[in-house]
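Asks: whatever this is, show me its structure:
(2 chains)
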Amino acid sequence: MPFSNEEVLQFIRENIGGEPVSVSEPHDFLTVELNPDQLLPLVGALKSHPQFQFTFMTDLCGLHIPEQVGKELGVVYMFHSWASNTKIRFKVFVPIANPLVPSMTAHFNSANWMERETYDFYGIIFDGHPNLKRILNVDDMDYFPMRKEYPLEDQIRNDKVDSMFGR
Amino acid sequence: MQNLASFPNPFNGIIPAEKEEFVNDLTTLNLGPTHPATHGVFQNILQMDGEKIISGVSTIGYIHRAFEKIAEHRPFYQITPLTDRLNYCSSPINNMGWHMTVEKLLGVTVPKRAEYIRVIAMELARIADHLICNSILGVDSGAFTGFLYVFQEREKIYDIYEEICGSRLTTNMGRVGGMERDLSDVAIAKLKKFLKEFPPVYKEFEALFNRNRIFMDRVIDVGVLSKEMAMDYGFTGPNLRAAGIDYDVRVMNPYSSYEDFQFDIPIGENGDTYDRFMVRNEEIWQSLRIIQQALDNLPEGPYHADAPHYYLPEKQDVYTKMEALIYHFKIVMGEIDAPVGEVYHAVEGGNGELGYYLISDGGRAPARLHFRRPCFIFYQAYTEMVKGMLLSDAILVMSSMNVIAGELDA
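Replies: Next comes the predicted model:
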C-alpha cells in the first residue's frame, strides 16, 4: 500500500529540520524542491528507512529554466519504493554560473551514467562523481546542447535556408 | 588470480628467451562499434589477459540522435515517430507509452476497446522483442537455425502491425486518445492465425535450446547478477526478474487495462544467462496468454476518446463540417497549446521500465521531455559483470542483457 504524500512529507520535514524550498503534487506525484546540501542525507535516510525503503532510483535528469534567474539549472530525481509502491520526486536547482550538485553515486551506482548524461547536456558538475566525462556527445564538444540558448539546428551549415523550411 | 609466472611456459623453446616477457603482457581489445556480435553500435574497450577480461570501458553515443532536444520543438503527435526509434525492436510499446503520457497530462480517458487493442499491440511487440533476444543469443553461441525459424514468425507479427497501422518496424501506431482505426476483420483473422501457428513453431525452438546440453553448459552460471547489484544498478525488466525480484510495471502500476488480464510473472533463481533466457522464454508464453484473453473479451465501443483538440477528425467531417475543418487544420499545423503540467508515466518495455517525464509550460511543444531508457541505465553494469570472464562468455552476457543501441543512446 503506498504511503500518503503527507506521511512522506512529514518525514522529510523532520529530516531536513524545516520546510523544503517548495512542495507540489502535480497529478498526485509528490514533488519536493530541496537545497543541494539537503539532498544526500535525506535520500540516504529514505533509502535505509525500515518502512519507506526508497531503495530504487527510477530516474535522474537535468532541467534548464532560463526564467528562474539564479536557479537556472536543475536536476530531477525520482525514487520508487517497491515494498510499498510509493514514488517521490526531488528537484534541486543551482545557478548557471556555479552549477555544483553533490553526486548521487554515493547512494546508487545507477546514478553514474545518468549524471554523466546530465553533465554532457547541461553542464551541471556533480561533486564526488568518479568519472565525470561526456557520454553521448563527442569528447571535444565545448558547449552544452540541451541548454535552451543552444538552437536545434547546426548554425554553421549554409545549405538549409530557413524560409524554405517554414522557420 | 594466479600469477602467470608460476605456470610452466607453454612457449618453451618456440619463443627465444629474450622475448619471453611478451607472454605475460595484457592486450587491449577493441570490441568496436561495428561488430557482428554487438546488438547495435556501442563500443567496449577491454583489457585482456589472454582470453580473460581484466577490465573494460564502455563507449556509447554512436547512434545518439538528440531526441530530447528535437522533442522540445515538436508538437505531441510529431514526437511519436521519435519514440518508435528508441527500442526499435518493439516500437508499439514505445508509441503507446508516449500516448499514455500525453493522455495523463491532458486528462483524457481512453475507452476500453482502444485499451484492449493497445494491449494486443504491446504484447505482440514484447513477443517480437524477446524472439530477437533469445534467437540472437543462440546465434552468438553458434546455433543459427533457431534464429531463422523464429524470424519467420516475426514476419507474421509485422504483417499484423501492417494491418493495424501501415508500417512494419517503426510503427508510429495509435493516436492520443486511442487508435487511428479499428481492428479490421483481416487483422483479427491474422491474429487468430498467428495464435494458432506460433506455439508449435516456438515449441520447436524451445526443443533446440532449453534442455540442450551444449547450450546449458555455455550459459548456466555465466554472468550471475545478484539481487543487490541489480537494484543498485537500476535494472528492471527481464534482467531483474531473472535475478529474482518480481518487479513488473504492468502489475505494480497497471495501465491500459492490464489489471483485467490473468498472467504470471516468471522469475529466475540465479540471475545467470540461462535464467535470463528462460525468463524471456516464459514471458513469450504469458504474452500469448494475454493476447488470447484480450481477443476473446474485446469489448464493443469506440476505438478512440472524444478529444477533438488532439485526435484528428474523420475525413468526411473535415470536408463537410466547419468545426472539424478548423480542428484538423489546428492539429496538423500544431497550433494547439497543451495545458501546463508535469507528468511521469512508465510502461513495461521489452527491457524494463520505459518512462516518459514530460514537463509542459503551455506551448505547442514540451518544455522538457526525458526518456527513462532502461538499456542506458543497466548497461553501466556490463563492465562490472564481465570482470574475470572469458571473452566468449562476455559476448553471451551482452546478448542476454538485450541491449538495443537505439534505447541506449536516444
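
Asks: I'd say A:Phe3 and A:Lys87 touch.
Replies: No - contact criterion C-beta atoms under 8 Å: A:Phe3 and A:Lys87 do not qualify, at 10.0 Å. To be clear about C-beta, it is placed using only N, CA and C from the backbone, and glycine gets the same treatment.

Asks: report the set of residues contacting both of those two.
Replies: A:Ser81 (C-beta atoms under 8 Å, 6 or more residues apart in numbering or on different chains).

Asks: look up how far A:Ala97 lies from B:Ala143.
Replies: Taking C-beta to C-beta, to the nearest Å as the measure, B:Ala143 falls 58 Å from A:Ala97.

Asks: of these two, which one has the most company?
Replies: Taking B:Ala143 and A:Ala97 together and counting by other C-beta atoms under 10 Å in any protein chain shown, B:Ala143 has the greater number of neighbours (17 against 8).

Asks: avg pLDDT for the longest helix along chain B?
Replies: If each helix of chain B is counted by residues according to DSSP state H, the longest one is helix B:112-140. Averaging pLDDT along helix B:112-140 yields 95.

Asks: show me where the stretch 1-150 of chain B has its strands.
Replies: Under the criterion DSSP state E, counting those that start in this stretch, the stretch 1-150 of chain B carries strands at the ranges B:27-31, B:43-49, B:52-59.

Asks: so which of the ones you listed gets nearest chain A?
Replies: When the strands of the stretch 1-150 of chain B are compared by C-beta to the nearest C-beta, strand B:52-59 sits nearest chain A, at 8.5 Å.

Asks: packing partners for the closest one?
Replies: Packed against strand B:52-59, as judged by 3 or more C-beta pairs under 8 Å, 6 or more residues apart in numbering or on different chains; DSSP states H and E, are the following elements: strand B:43-49, helix B:382-385, helix B:391-400.

Asks: show me what the longest one is packed against.
Replies: Right, the one you point to is helix B:391-400. In terms of contact count using 3+ C-beta pairs under 8 Å, 6+ apart, helix B:391-400 is assigned the packing partners strand B:43-49, strand B:52-59, helix B:112-140, helix B:213-219, helix B:273-296, helix B:382-385.

Asks: make a markdown table out of these and add mean neighbour count.
Replies: Supplementary listing: those in a markdown table, determined by neighbours: other C-beta atoms under 10 Å in any protein chain shown:
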| stretch | mean neighbour count |
| --- | --- |
| strand B:43-49 | 17 |
| strand B:52-59 | 16 |
| helix B:112-140 | 24 |
| helix B:213-219 | 15 |
| helix B:273-296 | 21 |
| helix B:382-385 | 18 |
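
Asks: out of those, flag the one nearest A:Glu67.
Replies: Nearest to A:Glu67 among the helices and strands packed on helix B:391-400 is strand B:52-59 (36.1 Å), distances taken as C-beta to C-beta.

Asks: just the helices in chain A please.
Replies: So, for chain A - with DSSP H - the helices run A:5-16, A:36-48, A:111-122.

Asks: could you give the number of residues near B:Ser226?
Replies: 12.

Asks: then the one 3 residues further on?
Replies: When neighbours are counted by other C-beta under 10 Å, B:Met229 registers 16.

Asks: ok, now which ones touch it?
Replies: Shown here is B:Met229, whose contacts under the criterion C-beta under 8 Å, 6+ apart are B:243, B:381, B:384.

Asks: and the residue nearest to the second one when sequence neighbours are not counted, what's its pLDDT?
Replies: So that's B:Ala381. Using C-beta to C-beta, 6 or more residues apart in numbering or on different chains and skipping the chain neighbours, the partner closest in space to B:Ala381 is B:Tyr233 (4.0 Å). Confidence per residue is given as pLDDT, and for B:Tyr233 that number is 93.

Asks: in contact with the residue lying closest to B:Ile160 once chain neighbours are set aside, which residues?
Replies: Spatial nearest neighbour of B:Ile160, excluding adjacent residues (C-beta to C-beta, 6+ apart): B:Lys190 at 5.0 Å. Contact analysis of B:Lys190 by C-beta under 8 Å, 6+ apart lists B:156, B:159-160, B:163.

Asks: which among those end up buried?
Replies: B:156, B:160, B:163 (16 or more other C-beta atoms under 10 Å in any protein chain shown).

Asks: which of those residues sits closest to chain A?
Replies: Of all the buried ones among the contacts of B:Lys190, B:Ile160 has the smallest distance to chain A: 32.2 Å, by C-beta to the nearest C-beta.

Asks: between helix B:112-140 and whichever strand or helix holds the closest one, find me the angle.
Replies: Following DSSP states H and E, one finds B:Ile160 within helix B:145-165. Here the directions of helix B:145-165 and helix B:112-140 differ by 160 degrees (axes from the mean of the first three to the mean of the last three C-alpha atoms, to 10 degrees).

Asks: could you point out which element follows helix B:145-165?
Replies: Heading C-terminal from helix B:145-165 (DSSP H and E), you reach helix B:185-209.

Asks: sweet, I'm off.
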